[in-house]
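Undergrad: output the structure for:
(one chain, ligands or ions: 3)
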Amino acid sequence: MMKSRIPLVLLACGSFNPITNMHMRLFELARDHLHQTGRYQVIEGIISPVSDSYGKKGLVSARHRIAMAQLALETSDWIRVDPWESEQEKWTETVKVLRHHYNESLRSLQFRKGLMRNNWPIERATEDFLSSLDPVSPELKLLCGADILKTFSTPNLWKEEHIKEIVEKFGLLCISRAGSDPVQYINESELLTRFQHNIHLVTEQIQNEISATHIRHALCKGLSVKYLIPDSVISYIKHYNIYTEESERGK
Ligand SMILES: Nc1ncnc2c1ncn2[C@@H]1O[C@H](COP(=O)(O)OP(=O)(O)OP(=O)(O)O)[C@@H](O)[C@H]1O
Ligand SMILES: NC(=O)c1ccc[n+]([C@@H]2O[C@H](COP(=O)(O)O)[C@@H](O)[C@H]2O)c1
Ligand SMILES: [Zn+2]
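TA: Ligands and ions are numbered 1, 2, ... in the order given. Prediction:
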């Protein structure tokens with residue numbers, strides 16, 4: 001009998017200021033990689049933009065960042081943008097975003113099982129009980145570029161226990177990025193080395209150095225960003241005049 005694949009949800013956190021074609025490529029690369037392992041079935045991709053309180057210089061309002069992501073993802077049948085993180089009053093540490101979406105995916109599983117079981121009292125089902133019912137509960141993994149792996153070793157930026165929870169409980173999909181050496185970051189970290197079986201490194205063969213910062217700078221200078229971000233996003237940016245020298249100075 002063919003072994004069934006583990007359903008898997010991919011979650012990418014970041015500013016998405018604005019969303020670029022490369023952000024969406026990350027998901028396609030990760031899905032191909034996971035499917036090639038023969039162990040996973042990727043069921044959904046979620047983009048979670050940070051809230052305005054993240055306070056990064058040049059960060060435009062979440063309302064705009066979400067709207068641009070929605071436009072960009074109109075052509076995807078499996079990636080969506082989720083506003084939950086961006087709606088939180090304070091900045092939410094990434095592990096808490098993962099916990100939220102993991103609970104959400106369990107809730108929707110409970111709901112589907114509840115329906116299947118003729119409205120069985122689903123609110124009383126514990127996580128363990130549900131797992132015992134269904135051996136293929138979805139996994140949730142964090143998707144990021146290799147530069148994020150590097151920031152794990154920046155003092156006081158990430159709590160050690162958070163990194164541990166991310167790589168031990170959830171797992172990580174890390175896409176290569178010019179200027180970042182993920183193998184080296186793993187080798188230099190005892191924690192990442194210990195859990196490297198949960199870290200999938202994916203190499204983009206067609207190197208792509210698009211960054212949102214470059215996009216914003218080009219827009220401020222009135223240069224073309226066509227074919228780097230979707231046309232619909234370019235129209236939105238023009239319509240609301242989002243990226244200006246003033247917005248770049250903000251915060
Ligand atoms: N060209 C790229 N190659 C690999 N990963 C990327 C690339 N661009 C963005 N990412 C990843 O996308 C996620 C979201 O990143 P983010 O919103 O910071 O985009 P960015 O292009 O790095 O923007 P900024 O220049 O504002 O930092 C991160 O995990 C980041 O590593
Ligand atoms: N301790 C943490 O959980 C932690 C620390 C630094 C950045 N992050 C996240 O990493 C991402 C970084 O995005 P930027 O590269 O746009 O700054 C954001 O989603 C941010 O919330 C999380
Ligand atoms: Zn970045």
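Undergrad: and the next element down the chain from the least confident helix or strand in the chain by mean pLDDT?
TA: When each helix and strand of the chain is scored by mean pLDDT, DSSP states H and E, helix 127-133 comes last, with a mean of 57. Counting by DSSP states H and E, the element after helix 127-133 in chain order, helix or strand, is strand 139-145.
Undergrad: list the contacts of E165.
TA: By C-beta atoms under 8 Å, 6 or more residues apart in numbering, E165 lies in contact with 95, 98. Using the backbone N, CA and C atoms, a C-beta is placed for each residue, glycine as well.
Undergrad: what do you get for F16?
TA: Residues in contact with F16 (C-beta under 8 Å, 6+ apart) are 23, 47, 49, 65, 68-69, 81, 212.
Undergrad: how far away is the residue nearest to K141 when sequence neighbours are not counted from E44?
TA: With sequence-adjacent residues excluded and distances taken as C-beta to C-beta, 6 or more residues apart in numbering, K141 is closest to G171, at 4.3 Å. Here G171 is placed at a distance of 15 Å from E44 (C-beta to C-beta, to the nearest Å).
Undergrad: doesn't L223 make contact with I234?
TA: No - applying C-beta atoms under 8 Å, one finds I234 not in contact with L223, separated by 11.8 Å.
Undergrad: tell me which of these two has more neighbours.
TA: Between I234 and L223, I234 has the larger neighbour count (other C-beta atoms under 10 Å), namely 20 against 10.
Undergrad: which residues sit in contact with the more buried one?
TA: Contacts for I234 (C-beta under 8 Å, 6+ apart) come out as 225-226.
Undergrad: now it: which helix or strand?
TA: In this structure, I234 sits in helix 231-240 according to DSSP H and E.
Undergrad: tell me how far the helix or strand following that helix is from the chain's mean position?
TA: Moving toward the C-terminus from helix 231-240, the next helix or strand (DSSP H and E) is helix 245-249. Offset of helix 245-249 from its chain centre (C-alpha atoms, centre = their mean, to the nearest Å): 26 Å.
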